[in-house]
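Participant: Whatever this is, show me its structure:
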Amino acid sequence: MPDRPIRLATRGSPLALAQADLVATALEGVGEASRVERVVVQTAGDARKDVPIHAIGGRGIFVAEVDQAVVGGRADCSVHSAKDLPSDAGEAPHEGEGLVIAAYLPRADPRDALVGARLDELAAGARVATGSVRRRAQLAWLRPDLRFQELRGNVGTRLGKVPAGGAIVVALAGLSRLGLADRVSQVLSSTEMLPQAGQGAIAICCRPDDTELRLRLAEIDDRATRAEVAAERAWLRAVGGGCNSPVGALATSGAGGEIKLEAMIASLDGHVLVRRALRGPGPEPVGRALAAEMLERCGGRALLEPYGPRGAAS
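Facilitator: Next comes the predicted model:
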């Protein structure tokens, strides 16, 4: 591996490049010194900023084209925001293409944040900009009087679209990685808003037969993050939440492999919201068990029926 550079496939947005740099720094800090190069991929999701994400295939559209660079041999591994990985995949985001999630970096703060006015400062009828139905539903549950407008683009673009007297909702991790945490007016607690499965985590995927690279990536794999994201993704996969489904989940790992998982399913207008939590050993069993409880005994299945095909939630 030291004889050749490790080529990281990534989107070209400032946040994606910052995340690739974090992976590069982590790889350069373990084992034998390696050169790391970025392979920048322009995705359809990046090119079509005027269309809501769920209308062009969900967040999985950001993943597939970057992964193709690895499948086609232009890169050795791909770097993704874990929340962008398709919900109907296990540890291989594209099993037909044969890639595996080889490592997760230590997770950043997974919570959402407001830029603009604080929640208690928003006047009745104030506008909040977000392209996420998950965020809209939970804010509507807290504040039924709020109005919402679409929001797309990279982080810098979004920061320039704060409605007058209103706010935008963004992931705290993204702002922090870009050195923009000072723009935050309020960090929303997980009690107020549950994040998307995998939010705040960076996933690195590679070919399963690239043994040498997998060994190197295993050295930077954070076990706590892997367990937490696995629980959240197991829940999301079991409920079948799509990119137009108001669902969220957050896991925390404890001693002895115990996982606490909190999750919510809501109606799009936020008038109905089901939220439950479960503790237990093993991320996959906890995720599946909580999904079964919420779908069958808490009315979650009826809430999800109107929202169409499965995919990565926003």
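
Participant: Could you look up the SS state of the residue most central in space within the chain?
Facilitator: By C-alpha atoms, centre = their mean, the chain has its centre lying nearest to K83, at 1.7 Å. In three-state terms, and counting by DSSP: H, G, I helix; E, B strand; the rest coil, K83 is helix.

Participant: just checking, it touches A203?
Facilitator: No: here K83 does not reach A203: they are 9.3 Å apart, not a contact under C-beta atoms under 8 Å. (Each C-beta comes from the backbone N, C-alpha and C, glycine too.)

Participant: Tell me which helix or strand comes right after the top helix by length along the chain.
Facilitator: Ranked by residue count and defined by DSSP state H, the top helix of the chain is helix 223-239. Per DSSP states H and E, the first helix or strand lying C-terminal to helix 223-239 is strand 247-253.

Participant: Which strands or helices does that next one pack on?
Facilitator: helix 133-142, helix 223-239, strand 258-266, helix 283-296 (3 or more C-beta pairs under 8 Å, 6 or more residues apart in numbering; DSSP states H and E).

Participant: Redo those as a markdown table? Include mean neighbour count and distance to A124.
Facilitator: Formatted as a markdown table, those follow (neighbours: other C-beta atoms under 10 Å; distance: least, C-beta to C-beta, whole Å):
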| stretch | mean neighbour count | distance to A124 |
| --- | --- | --- |
| helix 133-142 | 23 | 13 |
| helix 223-239 | 24 | 33 |
| strand 258-266 | 23 | 21 |
| helix 283-296 | 20 | 32 |
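
Participant: Rebuild those as JSON lines, extending it with distance to R118 and mean pLDDT.
Facilitator: Below are the helices and strands packed on strand 247-253 laid out as JSON lines (distance: least, C-beta to C-beta, whole Å; pLDDT from 0 to 100):
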{"stretch": "helix 133-142", "distance to R118": "12", "mean pLDDT": "96"}
{"stretch": "helix 223-239", "distance to R118": "27", "mean pLDDT": "96"}
{"stretch": "strand 258-266", "distance to R118": "22", "mean pLDDT": "97"}
{"stretch": "helix 283-296", "distance to R118": "30", "mean pLDDT": "96"}
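
Participant: Using JSON lines, lay out these together with distance to R35.
Facilitator: Shown next, in JSON lines, are those (distance: least, C-beta to C-beta, whole Å):
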{"stretch": "helix 133-142", "distance to R35": "39"}
{"stretch": "helix 223-239", "distance to R35": "26"}
{"stretch": "strand 258-266", "distance to R35": "37"}
{"stretch": "helix 283-296", "distance to R35": "34"}
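
Participant: Out of these, which gets nearest to G165?
Facilitator: Set against G165 and scored by C-beta to C-beta, those come closest in helix 133-142, at 15.4 Å.

Participant: need the next SSE after the closest one, C-terminal direction.
Facilitator: Next along from helix 133-142, by DSSP H and E: strand 147-149.

Participant: Return the helix or strand in this protein with minimum mean pLDDT.
Facilitator: Least confident helix or strand of the chain, by mean pLDDT, DSSP states H and E, is helix 44-47 with a mean of 61.

Participant: Show me what the helix or strand following it packs onto, helices and strands only.
Facilitator: Later in the chain than helix 44-47, the nearest helix or strand by DSSP H and E is helix 60-71. With contacts taken as 3+ C-beta pairs under 8 Å, 6+ apart, helix 60-71 sits against strand 6-11, strand 36-41, helix 44-47, strand 77-81, strand 202-206.

Participant: orientation of the helix or strand following the last one relative to strand 202-206 in degrees?
Facilitator: Downstream of strand 202-206, the next assigned helix or strand under DSSP H and E is helix 211-218. Between helix 211-218 and strand 202-206, the angle formed by their directions is 170 degrees, by axes from the mean of the first three to the mean of the last three C-alpha atoms, to 10 degrees.

Participant: wait, what's in contact with the residue nearest to A181 when sequence neighbours are not counted?
Facilitator: Once flanking residues are discounted, A181 sits nearest to L175: 5.1 Å by C-beta to C-beta, 6 or more residues apart in numbering. Shown in contact with L175 (C-beta atoms under 8 Å, 6 or more residues apart in numbering): A113, V115, V155, A181, R183, V184.

Participant: Out of the residues you listed, which end up buried?
Facilitator: Neighbour-count burial (16 or more other C-beta atoms under 10 Å) applied to those gives A113, V115, V155, R183, V184.
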